[in-house]
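**Q** A predicted structure for the sequence below; I have some questions about it.
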Number of protein chains: 4
Amino acid sequence: MEENQIIAQIKNIIQNGSDEDKQALASVVEGISKKQNGECKTYLAGITHVSSQFLDDGNFEVIIPIQPLIENPLNMAHGGITATLLDTAMGSMLNLKTPEKTACVTAELKVNYIQPGRGKYLRCIATILHQGKQLCFSEAKVYNDENKLIASGSGTFFVIPL
Amino acid sequence: MEENQIIAQIKNIIQNGSDEDKQALASVVEGISKKQNGECKTYLAGITHVSSQFLDDGNFEVIIPIQPLIENPLNMAHGGITATLLDTAMGSMLNLKTPEKTACVTAELKVNYIQPGRGKYLRCIATILHQGKQLCFSEAKVYNDENKLIASGSGTFFVIPL
Amino acid sequence: MEENQIIAQIKNIIQNGSDEDKQALASVVEGISKKQNGECKTYLAGITHVSSQFLDDGNFEVIIPIQPLIENPLNMAHGGITATLLDTAMGSMLNLKTPEKTACVTAELKVNYIQPGRGKYLRCIATILHQGKQLCFSEAKVYNDENKLIASGSGTFFVIPL
Amino acid sequence: MEENQIIAQIKNIIQNGSDEDKQALASVVEGISKKQNGECKTYLAGITHVSSQFLDDGNFEVIIPIQPLIENPLNMAHGGITATLLDTAMGSMLNLKTPEKTACVTAELKVNYIQPGRGKYLRCIATILHQGKQLCFSEAKVYNDENKLIASGSGTFFVIPL
């Protein structure tokens, strides 16, 4: 796509777009900038503005703000985003704990969608069930900003050499 | 965020970004434009450039191009995107077939990740296993452009009144 | 089958069977007697000698002794038995808590097999994640007598009128 | 347990038991005899009277008769038995195809329960999705004698050295 065309589309969104369109534009542009500046590893992490940390109890937390960009037609967080959040939380945690020169890839992921993903943000707490040399098992839960249980997930991860 | 700041970030990406950064920017801007113009129902569908159709055999096909925006740090399609593709394919198909004034929401989704999601695009084929008045069951498979099996999924869907 | 034939088989097991054969015979005969006497609801519960109770924290516990009858060719608890234990624990708990004239049936069950099911018994602890009018979500864990985590499971249950 | 006590219980079932009790007794005694005679690998396979074979299309079929022994309190096949059938079909098939001195163990199993398991028997058809050196993926479907789809399952299997 030509630069001119991109710029024309950007102008059109800024001048004629809805508030949601402008919010989505700001969000993705800021997200790509973050990736450009090395503040995050993937564009997906950038544009969804996830943040993560280990908690004092050893669990791993990933937070994703709910914004128009990630909503489904029913105006709640898209189920695929909730799945992405769960996979990211379990997978990132395991990859931070796996021995050097290895990586953990997802072999299988299951998600239970318990309540609609509405609120200011989704917060995922991931736990390791078992960390083996070749197979790892993890589970995680997703809450909204009112601490309501939104989703529950579990996954099997496979350790590969890098 | 101020418009000025967005525009400054856009300029910085266009002038100083890598080819991947520019490709990602073009992709998201075009995607938001598509949503702005009513060409798709969600920003997520817009920026991931999915396309979908019923096939002659009654199955439902959703195609998503593989682009930097949806890749994980290992440069393949992020597992969350594959999950989104599976959920979208099964859920969209069921929602197109559900009676008026009802919707199908995902109660549960499971994904098996079989091969790395590499190639030009991912193609998901979804099938209905059972369409009940309150519960529906579906399964789907994801292939790449070389027809390699990338992932397999299944889901339970719950019919709600609108 | 003729009674004579049953009795001949029983005699043959008692006279010529291995210790395991005799133990299996004793176990199934005692189990069918328990069902005959109304001490359990199903033959399966009888012959597997499960016992269950609510714990003080509101969770539900089901214990199943490990015996030759339920072992796989690798001499550990058969994965299908572990699945049965998880389904029984989650389903029984929900059915004890569901309103009168309704029952909870399993729509979907997922099991992660974490360690070989070896030891004196398997103990399953089930928790309710969400009890809705039509859909319920539960999760459960299976430990052996040394409190090692053997398996983890989750399920979606559907409330039907009786 | 004393032999005398077993024999007393057997007599009591034969003399005072219901038709179902006697049918269950005959079934388990015959099953243990089959294991005693080396006709099957596990007591569980014996008492549930499963039979299995590869089909011409390369898929693997396991059939289990529906009998009182495997029914739940709602008089259909217990969900745990359906899970056992799916795990057995996928696992047996993979173990028959795995290289010498290796075995395939179940890392994860998911079952969707689509229709009540009623009829003369359940027939499970298992397919290999991917057979890797360390991970295998399989899926299977369960039908009753009227070819109605009763359940659907998928699993992840891990190859271990023997």
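**A** Now that the structure is in, tell me what you want to look at. Residues are numbered from 1 along each chain as shown, chains lettered A, B, ... in the order given.
**Q** Going by residue numbers, what spans are helices in chain A?
**A** Secondary structure of chain A (DSSP state H): helices at A:3-16, A:19-36, A:43-48, A:79-97.
**Q** lowest-confidence stretch among the ones you listed?
**A** Ranked by mean pLDDT, the helices of chain A bottom out at helix A:3-16, with a mean of 91.
**Q** Between helix B:3-16 and that one, find me the angle.
**A** Here helix A:3-16 runs at an angle of 170 degrees relative to helix B:3-16 (axes from the mean of the first three to the mean of the last three Cα atoms, to 10 degrees).
**Q** so what does helix A:3-16 touch, helix or strand wise?
**A** helix A:19-36, helix B:3-16, helix B:19-36 (3 or more Cβ pairs under 8 Å, 6 or more residues apart in numbering or on different chains; DSSP states H and E). Bear in mind the C-beta positions are built from the backbone N, C-alpha and C, glycine included.
**Q** Present these as JSON lines; the columns should include mean neighbour count.
**A** As requested, those are arranged in JSON lines below (neighbours: other Cβ atoms under 10 Å in any protein chain shown):
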{"stretch": "helix A:19-36", "mean neighbour count": "21"}
{"stretch": "helix B:3-16", "mean neighbour count": "15"}
{"stretch": "helix B:19-36", "mean neighbour count": "21"}
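**Q** Nearest approach to C:Gly153 belongs to which of these?
**A** helix A:19-36 (36.6 Å; Cβ to Cβ).
**Q** ok and the closest one relative to helix A:3-16, angle-wise?
**A** Using the same axes, to 10 degrees: helix A:19-36 against helix A:3-16 is 140 degrees.
**Q** chain center to helix A:19-36, what's the gap?
**A** Helix A:19-36 has its C-alpha centroid displaced from the chain centroid by 15 Å (Cα atoms, centre = their mean, to the nearest Å).
**Q** Likewise for stretch A:82-95?
**A** The answer for stretch A:82-95 is 7 Å, by Cα atoms, centre = their mean.
**Q** and A:Glu61, how many neighbours?
**A** Neighbour count of A:Glu61, defined by other Cβ atoms under 10 Å in any protein chain shown: 16.
**Q** For it, give me its contacts.
**A** A:Glu61 makes contact with A:Ser52, A:Gln53, A:Phe54, A:Leu55, A:Ala89, A:Arg123, A:Cys124, A:Ile125, A:Ala126 under the criterion Cβ atoms under 8 Å, 6 or more residues apart in numbering or on different chains.
**Q** can you pull up the bridge partners for it?
**A** A:Gln53, A:Ile125 (DSSP bridges).
**Q** Could you show which parts of chain A are in contact with chain C?
**A** A:Lys110, A:Asn112, A:Ile114, A:Gln115, A:Leu129, A:His130, A:Phe137, A:Glu139, A:Leu149, A:Ser152, A:Ser154, A:Thr156 (Cβ under 8 Å from any Cβ of the partner chain).
**Q** In JSON lines, list those residues along with distance to A:Gln5 and pLDDT.
**A** Listed next are these as JSON lines, based on distance: Cβ to Cβ, whole Å; pLDDT from 0 to 100:
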{"residue": "A:Lys110", "distance to A:Gln5": "42", "pLDDT": "98"}
{"residue": "A:Asn112", "distance to A:Gln5": "43", "pLDDT": "98"}
{"residue": "A:Ile114", "distance to A:Gln5": "43", "pLDDT": "98"}
{"residue": "A:Gln115", "distance to A:Gln5": "41", "pLDDT": "97"}
{"residue": "A:Leu129", "distance to A:Gln5": "49", "pLDDT": "98"}
{"residue": "A:His130", "distance to A:Gln5": "51", "pLDDT": "98"}
{"residue": "A:Phe137", "distance to A:Gln5": "47", "pLDDT": "98"}
{"residue": "A:Glu139", "distance to A:Gln5": "45", "pLDDT": "98"}
{"residue": "A:Leu149", "distance to A:Gln5": "44", "pLDDT": "98"}
{"residue": "A:Ser152", "distance to A:Gln5": "43", "pLDDT": "98"}
{"residue": "A:Ser154", "distance to A:Gln5": "44", "pLDDT": "98"}
{"residue": "A:Thr156", "distance to A:Gln5": "44", "pLDDT": "98"}
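**Q** Just give me the closest of the residues you listed to chain D.
**A** A:Thr156 (5.0 Å; Cβ to the nearest Cβ).
**Q** So what pairs up with the closest one in the strands?
**A** A:Glu108, A:Phe137.
**Q** Outline the domain layout of chain A.
**A** As assigned by automatic domain parsing, chain A contains the domains A:1-41, A:50-161.
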